[in-house]
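**Student:** fold the following.
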Amino acid sequence: MRNRPFSRKSLTLLPPLFLVALMLSLSGCGGGPEEKEVATEAIPVEVTFATRADLERTLSFSGTVEPWREASLGAQISGKIEKIFVEVGEEVKARKPLVQMTGEQLTSAKAQLTSTEKDWNRMRVLLEKGTITQQAFDKIDASYEAARANYELVLESTRIKAPFSGTITAKYLEEGEVFTLFGGAAGSPAILEIMQLDPVKVIVQIPEREIPHIKPGLRATVDVDGYPNKTFKGKVYLVEPAADKKTHTVAVRIMIPNNNRRLKPGMFANVEISLGTVFTLLVPRDALVREVGTGKHHLFVVDGDTARRREVALGQRYGEMVAIESGLSSGELVITTGRTLVNEGTPVLITKDEYEE
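**Tutor:** Numbers count the residues shown, from 1 in each chain. Here you go, the predicted model:
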């Protein structure tokens, strides 16, 4: 029997052989002691070769659509909201003014600047007349510069600008309401929320055994329930450097272009990551035996005329075939029909072999 390429052609039945018990009587053996030899009956089985093939391999996961970037925006100081320049759903450019605040700090800083500026102007006139020393003027000049810098800093803290180009997705306070820096019952931790929605991302958790196959740049396809007939294309852009200690999975981030804004943050997503063409070892699904309560699988191979048990690690399914990651070699004879009737070391008789002519 030769190891031939994998096929699903019709199989030829071989006539079954049965072993009978042979008994030798004392009379038949010239009066010697009684001898009895009983041969264990072989179990008829059907087999197929474990074969390799070049196949497109994919990994399937689920995740949630998330914005590429998001930020909750609040002021650097507590105060009253004087003006909100945008509405929910509006797209804005980076650095665009969004909110103008007023507050005691700004009022105080402006009053301090005004007072110091008057002193500075008066001292400048006196310096020009020669009635004060340069040292005295330098002192008031330093105070003036400090007051001006403080006012500009406080003023800037009352202006909220877009940190990046995106879409305003929420507004938590209205004009005239008071923003409290640390939130609490009387305030809000943010005034606006902004998200970058093109592109979006999906984060999936991948078992650590698959991580050697995952790298940035791999193609991915995403589908969501909201668009059952639409597939979105993306790619892996980041494999996080550490695994989760509890789940032993690694987070992988996938970027999906979203210029038409069909994908919304919070949508449930089904993700398939393409690993490209993989030289894969295959066996029929009906060759596998699932071990109850463990989730593990084994199968039996024929070694001479004996069944041998093999623990195997499963890979992706391809219709009625299953990829074997470990525990089996190409070309081995795998028992299909009769696998539940044999154990390790059981004598077997091949009655159907898809490679017999």
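**Student:** low pLDDT regions in the stretch 251-357 of the chain?
**Tutor:** 352-357 (pLDDT under 70).
**Student:** surely residue 301 is in a strand?
**Tutor:** Yes: under DSSP: H, G, I helix; E, B strand; the rest coil, residue 301 sits within a strand.
**Student:** okay, how far is it across stretch 243-257, tip to tip?
**Tutor:** Length of stretch 243-257, first residue to last, CA to CA, to the nearest Å: 27 Å.
**Student:** kindly report the same for stretch 288-298.
**Tutor:** One end of stretch 288-298 sits 6 Å from the other (CA to CA).
**Student:** can I assume residue 207 is in contact with residue 252?
**Tutor:** No: at 10.8 Å, residue 207 does not count as touching residue 252 under the criterion of CB atoms under 8 Å. The way it works is simple: take the backbone N, C-alpha and C, and place the C-beta from them, glycine included.
**Student:** who's more crowded, these two?
**Tutor:** Using other CB atoms under 10 Å, the more surrounded residue of residue 207 and residue 252 is residue 252, with 27 against 13.
**Student:** the stretch 1-150 of the chain: strands as residue ranges?
**Tutor:** Here the stretch 1-150 of the chain has its strands, by DSSP state E, counting those that start in this stretch, at 12-13, 22-24, 35-37, 43-49, 51-73, 79-84, 91-92, 97-102.
**Student:** by contact count, what packs against the fourth one?
**Tutor:** In this case it means strand 43-49. strand 333-335, strand 348-353 (3 or more CB pairs under 8 Å, 6 or more residues apart in numbering; DSSP states H and E).
**Student:** dump these to CSV, plus distance to residue 64.
**Tutor:** Shown next, in CSV, are the helices and strands packed on strand 43-49 (distance: least, CB to CB, whole Å):
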stretch, distance to residue 64
strand 333-335, 40
strand 348-353, 49
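**Student:** any low-confidence regions in this protein?
**Tutor:** Counting by pLDDT under 70, the low-confidence segments of the chain come to 1-39, 183-188, 352-357.
**Student:** among the helices and strands packed on strand 43-49, which is nearest residue 267?
**Tutor:** Taking CB to CB as the criterion, residue 267 comes closest to strand 333-335 out of the helices and strands packed on strand 43-49, the separation being 42.4 Å.
**Student:** from the contact counts, what lies against that closest one?
**Tutor:** Against strand 333-335 (3+ CB pairs under 8 Å, 6+ apart) you get strand 43-49, strand 297-303, strand 348-353.
**Student:** before we move on, back to that, redo the strands of the stretch 1-150 of the chain as a markdown table? Include distance to residue 126 and mean neighbour count.
**Tutor:** Below are the strands of the stretch 1-150 of the chain laid out as a markdown table (distance: least, CB to CB, whole Å; neighbours: other CB atoms under 10 Å):
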| stretch | distance to residue 126 | mean neighbour count |
| --- | --- | --- |
| strand 12-13 | 118 | 10 |
| strand 22-24 | 134 | 11 |
| strand 35-37 | 131 | 10 |
| strand 43-49 | 105 | 21 |
| strand 51-73 | 47 | 16 |
| strand 79-84 | 38 | 17 |
| strand 91-92 | 49 | 17 |
| strand 97-102 | 36 | 18 |
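**Student:** select, out of the ones you listed, the one closest to residue 200.
**Tutor:** With CB to CB, the closest approach to residue 200 among the strands of the stretch 1-150 of the chain belongs to strand 51-73: 5.4 Å.
**Student:** what angle do that closest one and strand 97-102 make?
**Tutor:** Compare the direction of strand 51-73 with that of strand 97-102 by axes from the mean of the first three to the mean of the last three CA atoms, to 10 degrees and you get 30 degrees.
**Student:** about what we covered before: how about TSV for the helices and strands packed on strand 43-49, with distance to residue 212 and mean neighbour count added?
**Tutor:** Below are the helices and strands packed on strand 43-49 laid out as TSV (distance: least, CB to CB, whole Å; neighbours: other CB under 10 Å):
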stretch	distance to residue 212	mean neighbour count
strand 333-335	26	24
strand 348-353	36	19
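**Student:** how about the spatially most central residue of the chain, secondary structure?
**Tutor:** Against the mean C-alpha coordinate of the chain, by CA atoms, centre = their mean, the closest residue is residue 204 at 1.7 Å. Under the three-state scheme (three-state DSSP), residue 204 adopts strand.
**Student:** any idea how far residue 70 is from the closest residue to residue 75 other than its chain neighbours?
**Tutor:** Nearest residue to residue 75, sequence neighbours excluded (CB to CB, 6 or more residues apart in numbering): residue 101, at 4.9 Å. Residue 101 sits 22 Å away from residue 70, going by CB to CB, to the nearest Å.
**Student:** nearest to residue 289, out of the helices and strands packed on strand 43-49?
**Tutor:** Proximity to residue 289 (CB to CB) singles out strand 333-335 among these, at 9.7 Å.
**Student:** which residues does that closest one contact?
**Tutor:** Residues from elsewhere that reach strand 333-335 (CB atoms under 8 Å, 6 or more residues apart in numbering): 45-50, 283-284, 287, 299-302, 307, 328, 342, 348, 350, 353.
**Student:** again, only this time at 6 Å
**Tutor:** 45, 47, 48, 50, 283, 287, 299, 300, 301, 302 (CB atoms under 6 Å, 6 or more residues apart in numbering).
**Student:** which secondary structure elements does the helix or strand containing residue 252 contact?
**Tutor:** Using DSSP states H and E, residue 252 sits within strand 249-256. Helices and strands touching strand 249-256, by 3 or more CB pairs under 6 Å, 6 or more residues apart in numbering; DSSP states H and E, are strand 192-207, strand 232-239.
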